[in-house]
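Engineer: Generate coordinates for the sequence data below:
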Amino acid sequence: VSLFLRDTWVSSLCDSISRRLRPMGRGWYDLSESCWDVYRMSKMCQLLAQVRYRLQDALRSLVQGSLRGLARLVLDACHGVPARDLVWGSDLITSPYGPKKNPLFLVDLVLDHTGVHYSTPLEKFESSVVTVFDQVILATHNVPQLDKPAVCELREEVGGALRRACGPLRAYAAQAHKQAEQTAQEVKKEVLELLREKERLESSLPSLIVIGPFAVGVETKILSQVEATVAQHVEDEQSFHKVQLADQNNFQERLESLQMAVAGFSAHTDVGRAHETANEVKRLAKQLKEAQAAAQTYNGRERLFGKPVTNYDSLQKLVKAFQPFRDLWTTTSDWLRWHHGWMNDPMSAIDPEQLERSVDDAYKTMSKCVKQFKDIPDCQAVAEEMCGKVDAFRPYVPLIQGLRNPGMRMRHWQLLSDGLGMNVKPKAALTFSRCLEMGLQDHGQQIADVANAAGKEHAIEQEEEEEEEEEEEEGLLLNLIS
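Structural biologist: Numbers count the residues shown, from 1 in each chain. Alright, predicted model coming up:
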């Protein structure tokens, strides 16, 4: 709110007043008047004084209404709390003091070695809320009409309510501390009694006694359980380690099969099967990603077992070697699908900005693949073929952007048709293939000139619409103030 009052509110009003008074020129409302005495006698001075008074009155109403709302929120939450000191009863489950609507603060009762206390000191609640009150007042301290005594009275009322509300909290904590001490003493007494019983039992039983042909060993149940648990843990660790070794052996075989699969992509050279090859690439990419996650899991387990960490650098090298094949066939498949859509779908379905990005990215990727496959001539030939197709389509990008310019209206299409001597209209069935059949690629400059003019007109229309919207908002704001 402070930022809106300081910047947006004032600047919007200044701009609105300036725009409306500037056309009046010289006179009582002359914005260029520089003489102070003349300005003091002008109607401009009276107008701005009235605007200032209305702004101050609106701000006064806003601040006082906000502070009253904040005070009511706090006072409703403190409703029903007695002003006197009290002692909490033995019931720590239910509370007789409830707010009118909902509580405002969440605090935990902590029982630790220091005693019983709250997670947030109770004094901070009053100081924090009063600080918010002070910040609201400080944000509007330059408003002379603000009723300062009424604001200070609200501030004191809120602070007093919060101080009274802390009384039951202190009483509740004291009762909880009292019962916790009683409970702790009872538990301590029972524990000591059990320890004494255990000592008496151990002293009354020998560790070994011979009865006839039997040697009877006497052990406490706890020691037996400890030894059994330790033995079970050792057995589990050995079992897990065996599983780990078996998994890693299988994983090594899996890495070898992945290496063979990556190497096999050097034999894929048929552009006609690009979509099938791209699907195989996606499947292998997923398997490599899963293998990387598995390698991290196995290394983490090795650290837990205290074993040497296996080096899986070969997997990272395999992923790096696979990347050129992935780029080649993914981009080839995407390009064939894009090109078919651009040529045969209606022109209205083409996004010119997305088309330009796709063409540029495809050309950069294919140019990179040509360099990367210098040691694999067959794959390099595929990259060169696709790079040539992308490069051949690049000159059509400005033509499509011109025909899909958002500023093109019927008058521009008519102007273009007259200039070209042929009927060029944005029909629903018009495709780029049809545009090439009409020979529009030979009139790129003329189409670009019309499209540029249409784009400039469209930009001017948008600016005018934005100005109209701003004027409507300013008018609404002035109406609210008045």
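Engineer: can you map out the strands along the stretch 251-400 of the chain?
Structural biologist: Assigned strands in the stretch 251-400 of the chain: none (criterion: DSSP state E, counting those that start in this stretch).
Engineer: Show me how far stretch 36-47 is from its chain's centre.
Structural biologist: Counting by CA atoms, centre = their mean, to the nearest Å, stretch 36-47 is centred 53 Å from the centre of its parent chain.
Engineer: got the contact list for that stretch?
Structural biologist: 21, 28-31, 33 (CB atoms under 8 Å, 6 or more residues apart in numbering). Any C-beta I mention is one placed from the backbone N, CA and C, and that applies to glycine too.
Engineer: now stretch 346-360
Structural biologist: For stretch 346-360, the external contacting residues (CB under 8 Å, 6+ apart) are 334, 338, 341-342, 390, 393-394, 397, 400-401, 403-405, 426, 428-432, 435.
Engineer: Could you verify my assumption that residue 13 touches residue 51?
Structural biologist: Yes. Contact criterion CB atoms under 8 Å: residue 13 and residue 51 qualify, at 7.2 Å.
Engineer: Beta-bridge partners for residue 109, please?
Structural biologist: residue 118 (DSSP bridges).
Engineer: give the contact list for it.
Structural biologist: Counting by CB under 8 Å, 6+ apart, residue 109 makes contact with 116-119, 172-173, 176.
Engineer: how much space between residue 81 and residue 378?
Structural biologist: Between residue 81 and residue 378 the distance, using CB to CB, to the nearest Å, works out to 85 Å.
Engineer: Of those two, which one has the most company?
Structural biologist: More neighbours surround residue 81 than the other of residue 81 and residue 378, with 20 against 11 (other CB atoms under 10 Å).
Engineer: can you pull the pLDDT of that one?
Structural biologist: Listed pLDDT for residue 81 reads 76.
Engineer: for it, helix, strand, or coil?
Structural biologist: coil (DSSP: H, G, I helix; E, B strand; the rest coil).
Engineer: right, and it touches residue 165 too?
Structural biologist: Yes. With contact defined as CB under 8 Å, residue 81 and residue 165 form a contacting pair (4.8 Å).
Engineer: Buried by neighbour count: which residues of the helix or strand residue 414 falls within qualify?
Structural biologist: According to DSSP states H and E, residue 414 maps onto helix 410-420. In terms of neighbour count (16 or more other CB atoms under 10 Å), helix 410-420 has its buried residues at 412-413, 415-416, 420.
Engineer: got it, and stretch 276-289?
Structural biologist: So for stretch 276-289, counting by 16+ other CB under 10 Å, buried means 277-278, 280-281, 284-285, 288.
Engineer: got those residues as a markdown table, with pLDDT and distance to residue 190 columns?
Structural biologist: Converted to a markdown table, these look like this (pLDDT from 0 to 100; distance: CB to CB, whole Å):
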| residue | pLDDT | distance to residue 190 |
| --- | --- | --- |
| 277 | 92 | 75 |
| 278 | 93 | 72 |
| 280 | 93 | 70 |
| 281 | 93 | 70 |
| 284 | 93 | 66 |
| 285 | 94 | 64 |
| 288 | 94 | 61 |
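Engineer: Low-confidence ranges, the stretch 101-250 of the chain, go.
Structural biologist: For the stretch 101-250 of the chain, applying pLDDT under 70 flags the ranges 111-114, 136-137, 139-148, 179-188, 191, 194-195, 198-199, 201-227.
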